[in-house]
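Chemist: A structural model of the following input is requested.
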Amino acid sequence: MGRIKQWNKWANAHAYYPIDLLRIALGVFLFMKGVDFMSNPEQMRALMEPFGKIPGSMSFLHYIAPAHFVGGFLIVIGLLTRWAVAVQIPVLIGAILTNFLGEMNMSNLIMAMIAFLACCFFFVYGSGKRSADYYLKMQQ
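Modeler: Numbers count the residues shown, from 1 in each chain. The predicted model follows:
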């Protein structure tokens, strides 16, 4: 727990607008992917085809879209950012694996890898100084 407090102090001392814009852009991207998956269930089912032989693979369909939808919104406003990113990481690992197990789509692979790296960064960095987390912490 002490290490996370050290990271928060460092992140708050080194808060920059471009990093906040990156967090917001990541959240908007994930939110839009969640909306896209909810509006096109056939497309989502086709993307999950390589994992069809895994028991419980249909439950992934009910996890991915809400995880992107809710997690993206939380990342945009900066509320519970580390938790929201932690939920996104397994989904993005699955998105990367989908390209290797199924049909390779280079643009999807690049988007998934960029989102994965951004999520890993914000898992360590946190939500930053311009976020709901920081605002609520300062209200105490």
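Chemist: Residues contacting the helix-or-strand element of the chain with minimal mean pLDDT, please?
Modeler: Least confident helix or strand, the chain: helix 2-13 with a mean of 72, by mean pLDDT, DSSP states H and E. With contacts defined as Cβ atoms under 8 Å, 6 or more residues apart in numbering, helix 2-13 is touched by 124-126, 128-129, 134. Quick note: C-beta positions are derived from backbone N, CA and C, even for glycine.
Chemist: From those, list just the buried residues.
Modeler: Buried by 16 or more other Cβ atoms under 10 Å: 125-126, 128-129, 134, out of the contacts of helix 2-13.
Chemist: Tell me where the protein has strands.
Modeler: Counting by DSSP state E, the chain has no strands to list.
Chemist: By residue count, what's the longest helix in it?
Modeler: For the chain, the helix that runs over the most residues, judged by DSSP state H, is helix 17-39.
Chemist: tell me, how many neighbours does the closest residue in space to residue 101 that isn't next to it in sequence end up with?
Modeler: In space, residue 101 comes closest to residue 50 once its chain neighbours are excluded; the distance is 3.8 Å by Cβ to Cβ, 6 or more residues apart in numbering. Number of residues near residue 50 (other Cβ atoms under 10 Å) recorded here: 17.
Chemist: Verify the stated contact: residue 50 with residue 96.
Modeler: No: assessed by Cβ atoms under 8 Å, residue 50 is found out of contact with residue 96, at 11.8 Å.
Chemist: separation between residue 136 and residue 78?
Modeler: Applying Cβ to Cβ, to the nearest Å, the value for residue 136 to residue 78 is 10 Å.
Chemist: ok, the two, which is more surrounded?
Modeler: The residue with more neighbours, out of residue 136 and residue 78, is residue 78; 24 against 11, by other Cβ under 10 Å.
Chemist: Next one, pLDDT for the closest residue to the more buried one other than its chain neighbours please.
Modeler: Computed as Cβ to Cβ, 6+ apart, the closest residue to residue 78 that is not its neighbour in sequence is residue 131, at 2.4 Å. At residue 131, the model reports a pLDDT of 81.
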